[in-house]
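*Asks:* need a structure here:
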Amino acid sequence: MPAVSKGDGMRGLAVFISDIRNCKSKEAEIKRINKELANIRSKFKGDKALDGYSKKKYVCKLLFIFLLGHDIDFGHMEAVNLLSSNRYTEKQIGYLFISVLVNSNSELIRLINNAIKNDLASRNPTFMGLALHCIANVGSREMAEAFAGEIPKILVAGDTMDSVKQSAALCLLRLYRTSPDLVPMGDWTSRVVHLLNDQHLGVVTAATSLITTLAQKNPEEFKTSVSLAVSRLSRIVTSASTDLQDYTYYFVPAPWLSVKLLRLLQCYPPPDPAVRGRLTECLETILNKAQEPPKSKKVQHSNAKNAVLFEAISLIIHHDSEPNLLVRACNQLGQFLQHRETNLRYLALESMCTLASSEFSHEAVKTHIETVINALKTERDVSVRQRAVDLLYAMCDRSNAQQIVAEMLNYLETADYSIREEIVLKVAILAEKYAVDYTWYVDTILNLIRIAGDYVSEEVWYRVIQIVINRDDVQGYAAKTVFEALQAPACHENLVKVGGYILGEFGNLIAGDPRSSPLIQFNLLHSKFHLCSVPTRALLLSTYIKFVNLFPEIKTTIQDVLRSDSQLKNADVELQQRAVEYLRLSTIASTDILATVLEEMPPFPERESSILAKLKKKKGPGTVTDLEEIKKERSSDMNGSAEPTSVNASAVSTPSPSADLLGLGAAPLTNSAPPPSSSGSLLVDVFSDSASAVAPLAPGSDDNFEKKYNNFQFCSRRMFIFYGNKTSTQFLNFTPTFLCLNLQTKPVDPTVDGGAQVQQVVNIECVSDFMEAPILNIQFRYGGTFQNLSVKLPITLNKFFQPTEMSSQDFFQRWKQLSNPKQEVQNIFKAKHPMDAEITKAKIIGFGSALLEEVDPNPANFVGAGIIHTKTTQIGCLLRLEPNLQAQMYRLTLRTSKEAVSQRLCELLSEQF
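*Replies:* Below you'll find the predicted structure:
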């Protein structure tokens, strides 16, 4: 920048500023400002032409007045005139005034653009710098339209000075952020990448910021930057602080450039092996330097050093491919957990949350559990304690779930009010997810209600009701436990809700104990009635009418309560209506009708936990919470199989209650699906949100499904497909297509954020019999590379079976009718699994047919019958399985009215044994 001459001091401006500062009151200040504005206005409108110095001085005064908070409605043209001056100080003030005061919709914008074009064409580096700074500060769409094509040329021109290149790179970055559609991608993109090799580190720093932003939107265009970034990073981290003196900050060489380069590398997947080796060396060097004694005790040194370290750890986590580096990063962060600096402890906890999502470092993270628990108890800063809760949640698995849940419950009693709801949700999710013994789960949720009942949302107690209803083995224990909990003098209302619901359904399971007789149960619940809100009272009235069905001996007592004026004449319409209708029902209905109307609630269909959905909503999409849930489902033994590498495409069936209660796991796709073929066009998807329950897709679940949904249309099935992105990089242009299927589905969101999950619902109708399974083809762009995955869907012909019960006489009569050689298929094969009779029965039932007992003369044989339902026809099917224990062989005979169906069903069933 040229030196400021003596005459540029602008003494008049200094006097005016001094006068303003010496004003004793606001009125005096306004009076002085108005006087000055009148003087400036008269000077601008006077006949005498002002020289450049005077214009500069008056424009500067206007700028100062504006910064004091006063409106300026003149002087803009004088500022524009200053842009044509050849003196740096005058041009500088003109650009400064325009950057601060000129609106992007101003009529002067064309004149300003012309002045900027002249300065950019002047090749004067000082003037070019001022013009570029003005473009970046204003950043309007009009300026982007005018200069977006010109600035890249300046940036990559060989004769442009380094300082101008810096300004041009940052100016282009500003325009791209405001108007990305106006910045053309052309030949300059490949040339700007080579600025990473520039000798001037200021140019490299500015270019790295630009390339990082561009690469996030157009990764393919800038993928060559990876090798150059690794090369430049290698030179920085291996150099001594004396080698880069101008860019060394407290003994740390070029820390901000290092951070930017590491951030750029996070836009791409791990590089090729040759480049990866050099990058690994760089990261190891950064980790090694973190272990070295500090070269300075000043906080600036540790800040710069740790900035590079944490960004390097972020890159290691992003690549998630080097177990050694991941474990080293975890150990380094573990040292920070006990650092005296609060910010470092916070950042360490936050980074370890992400590390816990890696299968390579999860065990290493778990070794720090005691330190994290101690931080939860002793940290003074609530934000650090919250990160400790997040990390405990992230590192939780089956081996430590009970310990972590217990510690969270202990902390919940003294936790800050701002994070109690989140802790409650996390405890509820972990207790459900890792409950090997569901009695522990019930105890945990009841403790949760006792400790923090005000923060237990409806989703939490709804969920415990669903799980208790779906699990026969825990219903008696749940009834006994809530009965004991309700005996406390003060119970939270949520506990009364849970108690009312569970005792209304399963109070009969504990009624044999004199201490929990029907009358005692009723009196206990009714003692809480007057303390509860209207919705809870309504629930308790429903419990009372359930008791009428469960315990006829207390029917009169309950009717007296329902008949009381406090119920029949209740001011609340809902309570009054329930009391009247329940009383009438208990009076006129027969025992059989009562038993039918008030029978136990059927099991709930499994779906994504509403608790998890609430936590995701609270934390926001793409958070560590989502990453953790996806990661843990991958490692959990609930789902039973591995998932595709990049996409979790899982077919969700109607699982048992011990299956994936959070709805994030993957069903085994490849084990149950036959090889793909192009003959599956006979399956037609009918998309509708109003379809009935979830269709069973996994082997062995059809029987359970039949018990729950007797009125289900057997030729229709519903499939839930979940697409999960387990990386931290977005999937772009995400397009799932169903080959061999005629679909009318709603499109999936084309962008899947890192750690996010999207769902697609498919209702499938079997139009006619088919032989091969359909294929799901998934296409998306990841890290600049186009990905194409194909997954076989577990849709086979036996999924449309209806079990059919038959007598021995009917079976053999039908067997003889299907005596045509083309209708029978027989297969003799070696047993692949132990020949256990009970397992064999379960497999036949799971295949979809009914198992007919005492039909075959040989009791060791297994006989089944069923009907394949399609939209156009029904195909009867009879099967006979003859095991030979000595030879470890099976003979399977299948007879249907269609040869192709017999052949296909025989192949599918043979694979089960």
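*Asks:* residue boundaries of the helices in the stretch 51-200 of the chain?
*Replies:* For the stretch 51-200 of the chain, helices defined by DSSP state H, counting those that start in this stretch occupy the ranges 52-67, 76-82, 88-101, 109-121, 125-138, 141-147, 151-156, 162-178, 188-193.
*Asks:* show me where pLDDT drops low in the stretch 451-600 of the chain?
*Replies:* Regions of the stretch 451-600 of the chain meeting the criterion pLDDT under 70 are absent.
*Asks:* for it, which segments are assigned as strands?
*Replies:* Assigned by DSSP state E, counting those that start in this stretch, the stretch 451-600 of the chain shows no strands.
*Asks:* tell me where it has helices.
*Replies:* Using DSSP H, counting those that start in this stretch, helices in the stretch 451-600 of the chain cover 458-470, 472-485, 493-506, 518-526, 534-550, 555-563, 565-568, 573-588, 591-597.
*Asks:* so can I have a markdown table of those showing distance to D769?
*Replies:* C-beta: built from backbone N, CA, C; applies to glycine. Converted to a markdown table, the helices of the stretch 451-600 of the chain look like this (distance: least, C-beta to C-beta, whole Å):
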| stretch | distance to D769 |
| --- | --- |
| helix 458-470 | 34 |
| helix 472-485 | 37 |
| helix 493-506 | 42 |
| helix 518-526 | 54 |
| helix 534-550 | 46 |
| helix 555-563 | 55 |
| helix 565-568 | 59 |
| helix 573-588 | 48 |
| helix 591-597 | 39 |
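*Asks:* of the helices of the stretch 51-200 of the chain, which is nearest D473?
*Replies:* Across the helices of the stretch 51-200 of the chain, D473 has its closest neighbour in helix 162-178 (58.1 Å, C-beta to C-beta).
*Asks:* list the buried residues of the closest one.
*Replies:* Neighbour counts over helix 162-178 (16 or more other C-beta atoms under 10 Å) mark 163-176, 178 as buried.
*Asks:* and for stretch 284-293?
*Replies:* Neighbour-count burial for stretch 284-293 [16+ other C-beta under 10 Å]: E284, T285, I286, L287, A290.
*Asks:* what about these, which are in helices?
*Replies:* Among the buried residues of stretch 284-293, the members falling in helices (DSSP state H) are E284, T285, I286, L287, A290.
*Asks:* and G186, what does it touch?
*Replies:* Neighbouring residues of G186 by C-beta atoms under 8 Å, 6 or more residues apart in numbering: P152.
*Asks:* ok, now how distant is it from L257?
*Replies:* For G186, the distance to L257 (C-beta to C-beta, to the nearest Å) stands at 26 Å.
*Asks:* hang on, the earlier thing: widest-spaced pair of the ones in helices among the buried residues of stretch 284-293?
*Replies:* Spatial extent of these (C-beta to C-beta) is set by the pair E284 and A290 at 10.7 Å.
*Asks:* so L894 is in contact with C906, correct?
*Replies:* Yes: L894 lies in contact with C906 (C-beta atoms under 8 Å); the separation is 4.6 Å.
*Asks:* give the residues shared as contacts by the two.
*Replies:* Residues touching both L894 and C906 (C-beta under 8 Å, 6+ apart): V825, Q826.
*Asks:* neighbour-wise, which of those two wins?
*Replies:* Of the pair L894 and C906, L894 is the one with more neighbours under other C-beta atoms under 10 Å, namely 27 against 20.
*Asks:* redo the helices of the stretch 451-600 of the chain as JSON lines? Include mean neighbour count and distance to T796.
*Replies:* What follows is these, written out as JSON lines (neighbours: other C-beta atoms under 10 Å; distance: least, C-beta to C-beta, whole Å):
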{"stretch": "helix 458-470", "mean neighbour count": "21", "distance to T796": "27"}
{"stretch": "helix 472-485", "mean neighbour count": "19", "distance to T796": "30"}
{"stretch": "helix 493-506", "mean neighbour count": "24", "distance to T796": "37"}
{"stretch": "helix 518-526", "mean neighbour count": "18", "distance to T796": "49"}
{"stretch": "helix 534-550", "mean neighbour count": "21", "distance to T796": "42"}
{"stretch": "helix 555-563", "mean neighbour count": "17", "distance to T796": "52"}
{"stretch": "helix 565-568", "mean neighbour count": "13", "distance to T796": "55"}
{"stretch": "helix 573-588", "mean neighbour count": "16", "distance to T796": "46"}
{"stretch": "helix 591-597", "mean neighbour count": "12", "distance to T796": "37"}
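*Asks:* and K48, how many neighbours does it have?
*Replies:* Here the number of neighbours of K48 (other C-beta under 10 Å) works out to 7.
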